[in-house]
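# any chance you can model this:
(chains A and B)
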Amino acid sequence: MQAGHGSAPVDVGVEWLRAKGAWSFYILLIITVRVIIGTILDLEPYQSWSTINILHATVTFFVFHWIKGSPFPTNWTEDYNVDKYTWWEQIDRKRQNTPNRKFFTAVVIVLYLLALDSTPKEYVAVHIANFVAFIIVFIAKMPWMHKVRIFGINK
Amino acid sequence: MLNMEPEVKKLTVNSTPSLRRLLYDIWTYILLYLDAYWQQLRQGHSDLLFHLGVESFFIIIILYLWFQKSYEPKRRRERLTEKEIDNLVNEWKPEPLVPKRQLSRRVREYLFENDTYKSLPSEIEELLVAEHLERESYLPSPREVLRLQSAPTAYCVVNGKKVINLGTCNFLGFAEDDTIKQACAEVLKRYGCGSCGPRGFYGNLDVHIEAEHRIAEFMKAPAAVLYSFGSATCSSVIPAFSKRGDLIICDEAASYFIQTGISLSRASVKWFPHNDMSALEKILAEVVTNDPISGKITQRRFIIVEGISSKFADMTPLDKVVELKNRYRFRLIVDESYSLGVLGKTGRGALEYFGLESTDADIVLADLGNAIATVGGFCCSSQEVANHQRLSSAGYCFSASQPPFLAKACTVALEKLQNECSERLSQLQENIECFQAALGTLDGIRISSHPKSPIVFLRLDKSLGSYTMDEQWMMKLQEALWSEGVFVSVPQYLANEHIRPSPGLRLCISSNHSRKVLKTAAEKIRKTVAKLLFPSKHVSPLKIP
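Predicted coordinates:
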């Protein structure tokens, strides 16, 4: 597209994060899923919190840290070439430690804490699963992991 | 309404203690909770201690994150492949330590005028000669400029003299056609001259849509898009479909308009030598071998060729190109500017000549300014490709639409071509054959043309020294031919063309020329060229002292 010479917009894949209420939407989404699985499946609190933690980690791992590029490539943007970047690496014009990134990291921590606190000590397997799910997504969100592919995974 | 007021007052009075009560309760609960916590801690519950530790640890992490400043990550260099490194190293040329042009203008002028330049090193001498000539060529005397003063028919008036016209691309003689003139006059009376708006903004008239339908029907393509100007067609269709990161494989001798389109698109481009199919195949194979194994290609890839080359008048073997395009899965853009209305049984162009359909190429472009004798251009393609252009092709979106009468001229000319294609085309082909036979070969001159091409280029076999000198010589030849009674044109090439062909004469043959006229013209060209190239052999008897 050639039309327009105004300020360059960001890629549509990460554009929505700038919108008002993006954080609230994200939190509400998690709460909704929590309520739904808690009521419909009739789970114990520790089961639902662990499910939420692991589910959140799995989904975000693939969506934020595994799939690269943009769903709708918008070549006229400033950072046009995002084919080699994951979604996490693209947000906020690749700046690190931005409020958005802090927020997502905090969400991961809080979800893990909730799962940890609600799970009784005896269920070691659940604790391990929670911890693994947490640590993978947490490390992937660290600033020093920007554009780093450990052991060439997903290169 | 009256009763409402006391009730509200009552509520507010009552609510205050209850709110206080609530806050008090919450505070009590917190204290109780902390107290219980404290009690358990004193009794040494390891569970709780562990939880407390972990929680404070993570809260510290969150607080730590909170106080971090944001920053821009360092840019890492993309790793280059071995081949890319080699290419970069090979491409690098060190700049000369001493700048090339070190003499001031005045000094050079002085040297040139005093013949001192003869003692200078040859390199500088050449530079000086070229520059002197260049300066001269900027200021042509008004006598040298040839002006056309009549319609571009078989004979035309140039600078007050009636001459044979081999200078205009009026291949089918539509420029002087009365039916077209009449139809144009009618449209001119109805709509006026200009349309005063782009197609998307009130510049869209029925004649434009009619012309588009007629073009699509004539070309046997699903859809056609009309452009206001021939050269704007290439330079806006190409960037409408290729962007940064896409790949274009283009003929080296493609016209300047195609080159403009490519550079506007910002796509990466690879050039193959003019009409060299083995080189093209090599490039395509190389591109395909570097593809990822997954076969997932995010790039759009195009091959761009011309039907009849605008610079060398030879034909691209389109059958071979289409085969390669299908084998390596590229898209094909064909510029039919000089082949439309000339080649093929019905005049559809080079694709038809090779027994192909318009749909075999993804995009077919053509200038309507040549054989169709109007102003404008069109792009034939599938419906989707046409629709995309209507929103994102610069020439379509942002320039005023074609003047309505010119669109009408296109419609009528194509109708005429459809009805009388066999006579007009065979007449043109006979003329081309006749003229090329009469021209034969010339000493010291390279004639580049295809036997079916209506344009013929004459170029010097051996350069006279520099581009400017060659061009000057061609201008002289043009003037000499004019005084002999033949009007030809000397195409001008820009210095920043990808491949700048040497200056030459362009001869255009029309179906309106009679054979006798063409034979005379060819004879005159032969004589004049020989006289100018080898003056010693052809000394005019009048000039002998």
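
# closest to the centroid, which residue in the chain?
Using chain A here. Nearest to the mean C-alpha position of chain A, by CA atoms, centre = their mean, lies residue A:60 at 4.0 Å.

# go on, chain B?
Most central in chain B (CA atoms, centre = their mean) works out to residue B:258, at 2.3 Å.

# residue B:302 is in contact with that one, correct?
No. Counting by CB atoms under 8 Å, residue B:258 sits too far from residue B:302 to count as a contact (10.8 Å). Where C-beta positions appear, they are placed from N, C-alpha and C, glycine not excepted.

# which neighbours do the two share?
Overlap of the contact sets of residue B:258 and residue B:302 (by CB atoms under 8 Å, 6 or more residues apart in numbering or on different chains) consists of residue B:238.

# list the contacts for residue B:165?
Listed by CB under 8 Å, 6+ apart, the contact set of residue B:165 reads B:152, B:153, B:154, B:155, B:156, B:487, B:510.

# do residue A:120 as well
Here residue A:120 is in contact with residue A:46 (criterion: CB under 8 Å, 6+ apart).

# pretty sure it is in a strand, no?
No. Read with DSSP: H, G, I helix; E, B strand; the rest coil, residue A:120 is coil and lies in no strand.

# report pLDDT for it.
With respect to pLDDT, residue A:120 has a value of 88.

# and chain A, which of its residues are near chain B?
Chain A comes close to chain B at residues A:1-3, A:69, A:73, A:75, A:80-81, A:83, A:92, A:94-99, A:102, A:105-106, A:109, A:112-113, A:116-117, A:121, A:143, A:146-147, as judged by CB under 8 Å from any CB of the partner chain.

# buried ones from the residues you listed, can you make that a PyMOL selection?
If you want just the buried ones from the residues of chain A next to chain B in PyMOL, going by 16 or more other CB atoms under 10 Å in any protein chain shown, the selection is:
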select buried, chain A and resi 2+69+73+80+92+94+96+97+98+102+105+109+112+113+116+143+146
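
# from the residues of chain A next to chain B, which land in helices?
A:99, A:102, A:105, A:106, A:109, A:112, A:113, A:116, A:117 (DSSP state H).

# hang on, the earlier thing: go ahead and confirm the residue nearest to the centre of chain A touches residue A:137.
Yes. If you go by CB under 8 Å, residue A:60 and residue A:137 touch, sitting 5.9 Å apart.

# which neighbours do the two have in common?
residue A:108.

# where does chain A dip in pLDDT?
For chain A, the stretches with pLDDT under 70 are A:1-9, A:74-80.

# repeat that for 50
Within chain A, the segments meeting pLDDT under 50 span A:1-6.

# go on, chain B?
In chain B, residues with pLDDT under 50: B:1-4, B:6-13, B:102, B:139-143, B:540-545.

# how is it partitioned into domains?
B:105-138, B:140-169+B:422-536, B:177-419 (automatic domain parsing).

# measure stretch B:455-469 end to end?
Start-to-end span of stretch B:455-469 (CA to CA, to the nearest Å) is 24 Å.

# what's the burial count for residue A:63?
12 (other CB atoms under 10 Å in any protein chain shown).

# and the closest residue to it other than its chain neighbours, how far from residue A:65?
In space, and not counting its chain neighbours, residue A:63 is closest to residue A:87: 6.3 Å by CB to CB, 6 or more residues apart in numbering or on different chains. Separation of residue A:87 from residue A:65 (CB to CB, to the nearest Å) stands at 8 Å.

# more crowded one of these two?
Counted by other CB under 10 Å, residue A:87 and residue A:65 do not tie: residue A:87 has more neighbours, with 22 against 19.

# if I look at residue B:373, how far off is residue B:175?
With CB to CB as the criterion, residue B:373 and residue B:175 are 4 Å apart.

# now swap in residue A:93 and tell me
Distance from residue A:93 to residue B:175, by CB to CB: 57 Å.

# same question for residue B:211.
Per CB to CB, residue B:211 is found 18 Å from residue B:175.

# for residue B:219, same thing?
Separation of residue B:219 from residue B:175 (CB to CB): 21 Å.

# neighbour count: these two, which is higher?
Using other CB under 10 Å, the more surrounded residue of residue B:219 and residue B:175 is residue B:219, with 26 against 21.

# what residues are up against the more buried one?
By CB under 8 Å, 6+ apart, the residues touching residue B:219 are B:348, B:358, B:364, B:380.

# would you list the phi and psi of the last one?
The phi/psi pair for residue B:380 (degrees, to the nearest 10) reads phi -100, psi 140.

# so what's the nearest residue to it once chain neighbours are set aside up against?
Excluding its sequence neighbours, the residue lying closest to residue B:380 (CB to CB, 6+ apart) is residue B:221, at 3.7 Å. Each residue near residue B:221 by CB under 8 Å, 6+ apart is listed here: B:215, B:358, B:359, B:364, B:380, B:381.

# what about those, which are in strands?
Among these, the members found in strands (DSSP state E) are B:364, B:380, B:381.

# just give the closest residue to the last one, not the sequence neighbours.
Beyond its immediate neighbours in the sequence, the residue positioned closest to residue B:381 (CB to CB, 6+ apart) is residue B:363, lying 4.9 Å away.

# if I look at the one you found, how far off is residue B:357?
Separation of residue B:363 from residue B:357 (CB to CB): 14 Å.

# equivalent analysis for residue B:450, please.
In terms of CB to CB, residue B:450 sits 21 Å off from residue B:357.

# try residue B:418
Distance from residue B:418 to residue B:357, by CB to CB: 17 Å.

# ditto for residue B:403
Applying CB to CB to residue B:403 and residue B:357 gives a distance of 31 Å.

# more neighbours: the two, which one.
Taking other CB under 10 Å, residue B:403 and residue B:357 do not tie; residue B:403 has more neighbours (25 against 13).

# count of residues packed around the residue nearest to that one when sequence neighbours are not counted?
Nearest in space to residue B:403, with sequence neighbours left out and distances taken as CB to CB, 6+ apart, is residue B:194 at 5.3 Å. By the criterion of other CB under 10 Å, residue B:194 has 13 neighbours.

# what secondary structure does residue B:194 sit in?
Residue B:194 ends up coil, using three-state DSSP.

# can you verify my assumption that residue B:321 contacts residue B:281?
No. Counting by CB under 8 Å, residue B:321 does not reach residue B:281; the two are 9.9 Å apart.

# looking at the two now, which is surrounded by more residues?
When residue B:321 and residue B:281 are compared for neighbours, residue B:321 comes out ahead with 25 against 17, by other CB under 10 Å.

# hang on, that one in a strand?
No. The assignment for residue B:321 (three-state DSSP) gives helix, which keeps it out of a strand.

# hey, C-alpha coordinates of stretch B:321-340 in CSV?
What follows is stretch B:321-340, C-alpha atoms only, in CSV (Å, rounded to 0.1, in the frame of the first residue of the first chain):
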residue,chain,number,x,y,z
VAL,B,321,9.9,-17.7,-20.0
VAL,B,322,6.4,-19.0,-19.3
GLU,B,323,7.7,-22.5,-19.0
LEU,B,324,10.4,-21.4,-16.6
LYS,B,325,8.0,-19.3,-14.6
ASN,B,326,5.7,-22.3,-14.2
ARG,B,327,8.5,-24.6,-13.3
TYR,B,328,10.0,-22.3,-10.6
ARG,B,329,6.7,-20.9,-9.5
PHE,B,330,7.3,-17.2,-10.2
ARG,B,331,4.8,-14.6,-11.4
LEU,B,332,5.2,-13.1,-14.8
ILE,B,333,4.8,-9.5,-15.8
VAL,B,334,5.0,-8.8,-19.6
ASP,B,335,5.2,-5.3,-21.1
GLU,B,336,3.6,-5.4,-24.5
SER,B,337,4.0,-1.7,-25.3
TYR,B,338,5.7,-2.3,-28.7
SER,B,339,4.1,-5.6,-29.6
LEU,B,340,0.4,-4.8,-28.9
